[in-house]
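K.L.:
Sequence and computational prediction follow.
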Amino acid sequence: MQRASALGEEPTALGSEEGAFDPDGLLDDALPRTMPPIRTDRRTSLRDVAGVLEEAGLLVETHNVEDDVEIRSLSHDSRDVDDAPSCLFFCVSDGSKSDGHAFVEDAASRGDVVAVVAERSVEVGAPVLVVNSSRKALGLVAQRFYDHPSSLMRTCAVTGTNGKTTTSWLVRGILEEANLVTGMIGTIEYALAEHRLDARGRIWEPSEDDPTLDMRHALPDRVVPYVGKYEIPNTTPDALAVQRILSAMYDQGAEAVVMEASSHALEQGRCDYLDVGIGKFHTPPPLIHTHTHTCAHTPLSLSLSLLSLFCYD
C-alpha cells in the first residue's frame, strides 16, 4: 500500500518513517498483520437443535430420532459435505433453480451426514427433523451454532438500490480511522482489515499471481483471465454463510463489520437472524428489482425489513 507524500513526488510506503502521514501512530510497519486463528471446535447436539426449532415454532415432526447425535458442522450444499464432519444437512429450496430435497441422498453418499432438516419426509439413513421453513431453520440454527457473532461486534448494515457499496466503504473507512479492526461484506469483497476473505471467512490467498499487476495500462479482467482471480458469490451471503463469515471475522479479531444488505437478501431472509446496531437506508425508486423479486419491494418494506434486525440494549 502506498501514498504520495506530496504532489509530483514519488509515493512512499504507508507506515514508513519517511513521508508517511500517521498523526496517531495507527499505521503498522508489519502489514499485513497476522490474525488469530478461526475456531474449529464448534459443536452442538441434534436434541439441542430440535429444542431451538421447537421453541421458535418451526419444528413439525421428527423421524428416526431415538438417540442424540453430535453435530460439528452445518451445510445446505451437497457439494460441500465432503469436508464437513458430523454434518447437519438442510434441504433448502431457492424457489427458482433447485430444491435441496433432491440432493439429500447425494449429500449422504458424499460425506458424514448425521441428520437432516427438511420440509417433508425424505428417504435417508439418518434422523430427520421436518420443519415448516428450511430457510428460516437454517438461519436460526446457524446463528445459535456460531454463537450470535453479529451481536459481538459493532454491526452496520446498508440497504437500498443505489449507493450501498459507496456508503459501506465510507463507513468502513470511518471505523478504521477510529482504530477498530473492521470487516466488510459486500459487492467488491469480503474483507477483514487489509486481508481479503474467501466465502467461508478465511484469509484468501491467490493460487496464481495476477498478471495485470505489472501492466502500465488497465484492462478489463476478462481480457487477461488467470487462475485464482478473487471472486465472491453474492453481495450478501446466504443465511448460513453470513453467520459463518461473521463468526470467522470475530475469531480473527474483528471489532466491527459493515455489510451490504441487498433487497434480494432481505426478501429471502438471509439477514433475518442478525443483530444490527447501525443501519443505513438509501431511498430507491418506488419499485425495486421487480424482475428478480417474487413481489415488488417498496421503500417502506425495505426500511421495515432492516429495522426488524436492530438490537436494543
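P.N.:
Yes, it's here. Numbering: from 1, shown residues only.
K.L.:
burial of Tyr273, as a residue count?
P.N.:
Using other CB atoms under 10 Å, Tyr273 is surrounded by 20 other residues. C-beta here means a position set from N, CA and C on the backbone, and glycine is covered the same way.
K.L.:
In which helix or strand does the residue nearest to it when sequence neighbours are not counted reside?
P.N.:
Spatial nearest neighbour of Tyr273, chain neighbours left out: Gln143 (3.9 Å); criterion: CB to CB, 6 or more residues apart in numbering. According to DSSP states H and E, Gln143 maps onto helix 134-145.
K.L.:
List the buried residues of that helix.
P.N.:
Across helix 134-145, burial judged by 16 or more other CB atoms under 10 Å covers Ser134, Arg135, Lys136, Ala137, Leu138, Gly139, Leu140, Val141, Ala142, Gln143, Arg144, Phe145.
K.L.:
Stretch 78-94 too?
P.N.:
Ser78, Asp80, Val81, Ala84, Ser86, Cys87, Leu88, Phe89, Phe90, Cys91, Val92.
K.L.:
residues contacting the first one?
P.N.:
Listed by CB atoms under 8 Å, 6 or more residues apart in numbering, the contact partners of Ser78 are Phe89, Phe103, Val104, Asp106, Ala107, Arg110.
K.L.:
let's see 7 Å
P.N.:
Contact analysis of Ser78 by CB atoms under 7 Å, 6 or more residues apart in numbering lists Phe103, Asp106, Ala107, Arg110.
K.L.:
Which pLDDT value goes with it?
P.N.:
For Ser78, the pLDDT comes out at 91.
K.L.:
chain center to the helix holding Gln143: distance?
P.N.:
13 Å (CA atoms, centre = their mean, to the nearest Å).
K.L.:
pLDDT of the helix or strand following that helix, averaged?
P.N.:
Using DSSP H and E, the helix or strand that follows helix 134-145 towards the C-terminus is strand 154-159. Strand 154-159 carries an average pLDDT of 89.
K.L.:
Tabulate the CA atom coordinates of strand 154-159 in PDB.
P.N.:
Output of strand 154-159 as PDB, limited to C-alpha atoms (Å, rounded to 0.1, in the frame of the first residue of the first chain):
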ATOM      1  CA  ARG A 154     -20.400  -3.300  16.000                       C
ATOM      2  CA  THR A 155     -22.600  -4.400  13.100                       C
ATOM      3  CA  CYS A 156     -23.700  -1.900  10.400                       C
ATOM      4  CA  ALA A 157     -26.000  -2.800   7.500                       C
ATOM      5  CA  VAL A 158     -26.700  -0.700   4.400                       C
ATOM      6  CA  THR A 159     -29.600  -1.400   2.100                       C
END
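K.L.:
now the helix or strand following that strand, how far from the centre of its chain.
P.N.:
Next in sequence after strand 154-159, counting helices and strands by DSSP H and E, comes helix 164-177. From the chain centre to the centre of helix 164-177 is a distance of 17 Å (CA atoms, centre = their mean).
K.L.:
Would you confirm that Arg154 contacts Val276?
P.N.:
No - at 9.9 Å, Arg154 does not count as touching Val276 under the criterion of CB atoms under 7 Å.
K.L.:
Looking at these two, which is more packed in?
P.N.:
For Arg154 and Val276, the more surrounded residue by other CB under 10 Å is Val276, and the numbers stand at 20 against 17.
K.L.:
returning to that earlier point: want to try a markdown table for the buried residues of stretch 78-94, with secondary structure and distance to Glu61 as columns?
P.N.:
Output for the buried residues of stretch 78-94, formatted as a markdown table (DSSP: H, G, I helix; E, B strand; the rest coil; distance: CB to CB, whole Å):
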| residue | secondary structure | distance to Glu61 |
| --- | --- | --- |
| Ser78 | helix | 23 |
| Asp80 | helix | 27 |
| Val81 | helix | 24 |
| Ala84 | coil | 25 |
| Ser86 | coil | 23 |
| Cys87 | strand | 21 |
| Leu88 | strand | 17 |
| Phe89 | strand | 18 |
| Phe90 | strand | 16 |
| Cys91 | coil | 15 |
| Val92 | coil | 18 |
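K.L.:
would you turn those into a markdown table with distance to Thr167?
P.N.:
Converted to a markdown table, the buried residues of stretch 78-94 look like this (distance: CB to CB, whole Å):
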| residue | distance to Thr167 |
| --- | --- |
| Ser78 | 37 |
| Asp80 | 32 |
| Val81 | 37 |
| Ala84 | 35 |
| Ser86 | 40 |
| Cys87 | 37 |
| Leu88 | 36 |
| Phe89 | 37 |
| Phe90 | 32 |
| Cys91 | 36 |
| Val92 | 30 |
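K.L.:
So this structure: which segments form each domain?
P.N.:
For the chain, automatic domain parsing gives the domain ranges 44-145, 149-203+230-307.
K.L.:
if we can go back for a sec, tell me the one among the buried residues of stretch 78-94 nearest to Cys271.
P.N.:
Here the nearest of these to Cys271, counting by CB to CB, is Val92; it sits at 15.7 Å.
K.L.:
Please name the residues that touch the closest one.
P.N.:
For Val92, the contact set (CB under 7 Å, 6+ apart) comprises His76, Gly100, Ser134, Arg135, Leu138.
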